[in-house]
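# Just need the structure, nothing else, for what follows:
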Amino acid sequence: MLLACPLWAGGALRVLIAPEASDHTQPVVTAVAISADGGAVVSGGDDHKIRVWNAASGEQLLVMEGHQDWVRDLRIAPTGDRLASVANDGSFRLWSLGDGRLQRESQLSCDTLASVSFHPNGEQAVTTGFGAPARLHNLSADGPGESYACPCRDMRCCTVSPNGQLMAAAGRSGVVRLWPIASGGAARDLAAGGRRIYCLAFSPQSDRIAVAGDDSIVRIFDATLGDVVMELPARPAKVRTALFLDSDRLATAGTDNAITVWDLKSRVPTHRLTGHTGTVTSLAWAPQTGRLASGSYDTTVRVWDLNQQAVNQTAKADPATTR
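Numbers count the residues shown, from 1 in each chain. So this is what the prediction gives:
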């Protein structure tokens, strides 16, 4: 199959991956991760499986099985050797990324766990979900971890700042709750439009946090003062995923089936990566190589090369790399 993907202002499609289940159906992709060097991509979705791919060729390297329901989120540890995942089955799992061996399983809820994120020390991880508190897990100890009261029951996202000082979580209430986990101080809330929030992203310096979801506006807050420092008009799309590429660039994606890269100094988009034919659910960034991975309801994973300065070009996936 040959897919043409028109692009605007740079960023060539490097490889297209279409996972296939044992019954020859293609699973919806709701989670992606990419190794720091951009060599491996991990995907998860509604077939309950986690797959590891070669990011250059699209070759499937490994399949991890164990979740009993839809995989909602996954992250590679800062050390690069472990993978954390959460799913609709209410379980948090920790895997060896080298051989796919399950290292840890915690049944945390009878409902969906929606989000997981590593602490930058690699020894802790935070999870949250529907009707579940945010939990900070010590990965070297047994037990469910320390719990934190959330602003609502329908929680969709959680993250930890790169400096390890703040933890954030948000969901249906449109409120972001920040906990100073390093100092143990009181939590504080950021009002972010009043509609469901799907994604949170700290800047590399931990001084700002991007917040987005159903109200189609990306708000960037000062993480210390709590003030909105800028708003990006993502209309008419609803945003489902966002991440900082560096201090001055933010990538967002969602229901318009496209990925937008914003220059935060000028507050205008510099790239618009198109080709997905369904909502883009997840993004992952490999800063060492400039590769951006994206997953979508269209059942594909795409790897983009943002270092390639292509303008008004059409990227084509090599049939040999399409599975």
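# Gly295 and Pro27, how far apart?
Distance of Gly295 to Pro27, computed by Cβ to Cβ, to the nearest Å: 10 Å. For the C-beta atoms, the positions are set from N, CA and C on the backbone; glycine is no exception.
# Residues that sit against both of these two, list them.
Taking Cβ atoms under 8 Å, 6 or more residues apart in numbering as the criterion, Gly295 and Pro27 both touch Gly45.
# okay, the two: which has more neighbours?
Higher neighbour count among Gly295 and Pro27: Gly295, with 32 against 20, using other Cβ atoms under 10 Å.
# Does that one belong to a helix, a strand or coil?
Counting by DSSP: H, G, I helix; E, B strand; the rest coil, the backbone at Gly295 sits in strand.
# Name the nearest residue to it, sequence neighbours excluded.
The shortest distance from Gly295 to any non-neighbouring residue, by Cβ to Cβ, 6 or more residues apart in numbering, is to Val29 (3.6 Å).
# give the contact list for the one you found.
Contacts of Val29 by Cβ under 8 Å, 6+ apart are Pro19, Ser43, Gly44, Gly45, Thr281, Ser282, Gly295, Ser296, Tyr297, Thr299, Thr300, Val301.
# Hmm, Val41 and the last one touching each other?
Same thing as Val301. Yes. Val301 lies in contact with Val41 (Cβ atoms under 8 Å); the separation is 6.1 Å.
# can you list residues touching both of those two?
Shared contacts of Val301 and Val41 (Cβ under 8 Å, 6+ apart): Ile17, Val32, Trp53, Ala293.
# Distance of the last one relative to Leu16?
Applying Cβ to Cβ, the value for Ala293 to Leu16 is 11 Å.
# More neighbours: those two, which one.
Ala293 (27 against 24).
# Next up, the contacts around the more buried one.
Under the criterion of Cβ under 8 Å, 6+ apart, the contact partners of Ala293 comprise 32-34, 41, 55, 283-286, 301-304.
# any residues in contact with both of Ala293 and Leu16?
Joint contacts of Ala293 and Leu16 (Cβ under 8 Å, 6+ apart) are Val301, Arg302, Val303.
# Those, buried ones only, as a PyMOL selection?
In PyMOL, this line selects whichever of the shared contacts of Ala293 and Leu16 come out buried by 16 or more other Cβ atoms under 10 Å:
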select buried, resi 301+302+303
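# Return the closest of the shared contacts of Ala293 and Leu16 with respect to Ser109.
Val301 (27.0 Å; Cβ to Cβ).
# Excluding covalently adjacent residues, which one is nearest to that closest one?
That would be Ile17: by Cβ to Cβ, 6+ apart, it lies 4.2 Å from Val301.
# And Val268, by the same measure?
Trp262 is the one closest to Val268 (Cβ to Cβ, 6+ apart), at 7.2 Å.
# what secondary structure does Cys152 sit in?
coil.
# burial count for it?
Look at Cys152: counted by other Cβ under 10 Å, it has 18 neighbours.
# Quick check: the gap between it and Ala84.
23 Å.
# Likewise for Ile17?
Counting by Cβ to Cβ - Ile17 and Ala84 are separated by 21 Å.
# go on, Gly226?
Applying Cβ to Cβ, the value for Gly226 to Ala84 is 28 Å.
# More neighbours: which of the two?
Neighbours per residue (other Cβ under 10 Å) separate Gly226 from Ala84, with Ala84 holding more: 24 against 14.
# name the element Trp53 belongs to?
strand 50-54 (DSSP states H and E).
# Mind exporting the C-alpha coordinates of that strand to PDB?
Presented in PDB, the C-alpha positions along strand 50-54 are these (Å, rounded to 0.1, in the frame of the first residue of the first chain):
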ATOM      1  CA  ILE A  50       1.900  -3.500  23.200                       C
ATOM      2  CA  ARG A  51       4.200  -3.700  20.200                       C
ATOM      3  CA  VAL A  52       7.800  -2.600  19.700                       C
ATOM      4  CA  TRP A  53       8.800  -1.500  16.200                       C
ATOM      5  CA  ASN A  54      12.000  -0.600  14.400                       C
END
